[in-house]
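J.: model this:
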Amino acid sequence: MQDREPDEFRESTSFFQIWLLFRQNRVALFSFYLFVILILVALFPKLIMPYSESMEFVGEELMPPSWVEKGRIAFFFGTDDLGRDVLSRLIMGTQYTLGSSLLVVIAVAIIGGALGILAGMSDGIKARFLGHFFDAFLSIPILLIAIIISTLMEPSLMNAMFATLLAILPYFVHAIYQAIQQELKKDYVLLLRLDGISNWELLKSTILPNISAIYTQEIARAFVVAILDITALSFISLGAQRPMPEWGAMIKDSLELIYLAPWTVLLPGFAIIFTILLSIIFTNGLCQAINKYYE
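T.: All right, here's what the predicted structure looks like:
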């Protein structure tokens, strides 16, 4: 127990120092707070929604947003062709789009991280075989892999999440594998191994801290790909199905209204772009803080 306390104290101190460095980036800090708010919205959408996402207001179809001349404050983002409140559907869509993307990324970070570490710490013929195996996936776009997998299953949001997970996983494992392999080739690792350090201690004390920024970047990239793939699969009818207010499905359902009621198409698109930008700004600031700490 006495041997563990200094390590735990050192880890907590490092997290605190990284947080202090991260706070110096005001833009990244602001994006982090906004991203946390989005996660809270995804967790508790019904506490914020002014109406039910499926409630239809007869006679209020295609009501424009409130800032347009004929708009009403009661329907802040307007209504769709069935008289459903667009704001309520966007809020509920946060749970489906953002929530499902986060679940996929968490699974990718855990499963892909473990497989990448196991592959990266391997050596000899096994390491070369794994390297060539992962390289084979780089020639196939992630979305294409997700589409191929989705066509083999019944269209649903859950199956779209599963297909996206399987599509992203090889790329994530390959990135972690390459990062560890590059670290193992450095001179300081050879010196530590000559001193008799075990693979576990080498991984824990040296390699993982040095690839933490790369690991964070890959998680951010996986999140962006996940949210784009899930919405894209819903858009081509391989993911979420109507009347589920998933952002990609909302764009698909209202695409014919692009000239008559453009807000029904543009607002879900803006929600996707806004979420992706927040995650990119936040993770870039976090990676900069991590790199400054380990310099």
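
J.: residue closest to the middle of the protein?
T.: residue 223 (1.8 Å; Cα atoms, centre = their mean).

J.: ok now do it, which residues does it touch?
T.: By Cβ atoms under 8 Å, 6 or more residues apart in numbering, residue 223 lies in contact with 101, 102, 105, 279. Heads up, the C-betas are built off the backbone N, CA and C, glycines and all.

J.: from the residues you listed, pick the one nearest residue 254.
T.: For the contacts of residue 223, the minimum distance to residue 254 (Cβ to Cβ) is 21.1 Å, reached by residue 101.

J.: the closest one belongs to a helix?
T.: Yes - membership of residue 101 in a helix is supported by DSSP: H, G, I helix; E, B strand; the rest coil.

J.: neighbours around it, how many?
T.: Using other Cβ atoms under 10 Å, residue 101 has 26 other residues around it.

J.: go on, residue 65?
T.: 19.

J.: now swap in residue 226 and tell me
T.: 28.

J.: tell me which element it falls in.
T.: helix 212-235 (DSSP states H and E).

J.: now that helix: how far from the chain's centre is it?
T.: 4 Å (Cα atoms, centre = their mean, to the nearest Å).

J.: and for stretch 108-117?
T.: 15 Å.

J.: let's number from 740 now, not from 1
T.: Shifting the count to begin at 740 puts that one at stretch 847-856.

J.: buried residues, that stretch. List them.
T.: Residues 847, 848, 851, 852, 854, 855, 856 are the ones in stretch 847-856 that count as buried (16 or more other Cβ atoms under 10 Å).

J.: right, and the helix or strand after the least confident helix or strand in the chain by mean pLDDT?
T.: Scoring the helices and strands of the chain by mean pLDDT, DSSP states H and E places helix 864-876 at the bottom, with a mean of 65. Using DSSP H and E, the helix or strand that follows helix 864-876 in sequence is helix 881-890.

J.: how close does residue 803 sit to residue 1001?
T.: 9 Å (Cβ to Cβ, to the nearest Å).

J.: buried residues in the helix or strand encompassing residue 1030?
T.: In this assignment (DSSP H and E), residue 1030 forms part of helix 1002-1033. Across helix 1002-1033, burial judged by 16+ other Cβ under 10 Å covers 1002-1004, 1006-1007, 1010-1011, 1014-1015, 1017-1029, 1032.

J.: same deal with stretch 761-781?
T.: Buried residues in stretch 761-781, defined by neighbour count with 16+ other Cβ under 10 Å: 761, 764, 767, 768, 770, 771, 773, 774, 777, 780, 781.

J.: gap between the nearest residue to residue 792 once chain neighbours are set aside and residue 986?
T.: Leaving out its chain neighbours, the residue that sits closest to residue 792 by Cβ to Cβ, 6 or more residues apart in numbering is residue 831, at 4.1 Å. Distance of residue 831 to residue 986, computed by Cβ to Cβ: 10 Å.

J.: cool, and residue 787?
T.: Applying Cβ to Cβ to residue 787 and residue 986 gives a distance of 16 Å.

J.: repeat that for residue 763.
T.: 33 Å.

J.: helices of the stretch 740-889 of the chain, start to end?
T.: 743-762, 765-782, 825-846, 852-859, 864-876, 881-890 (DSSP state H, counting those that start in this stretch).
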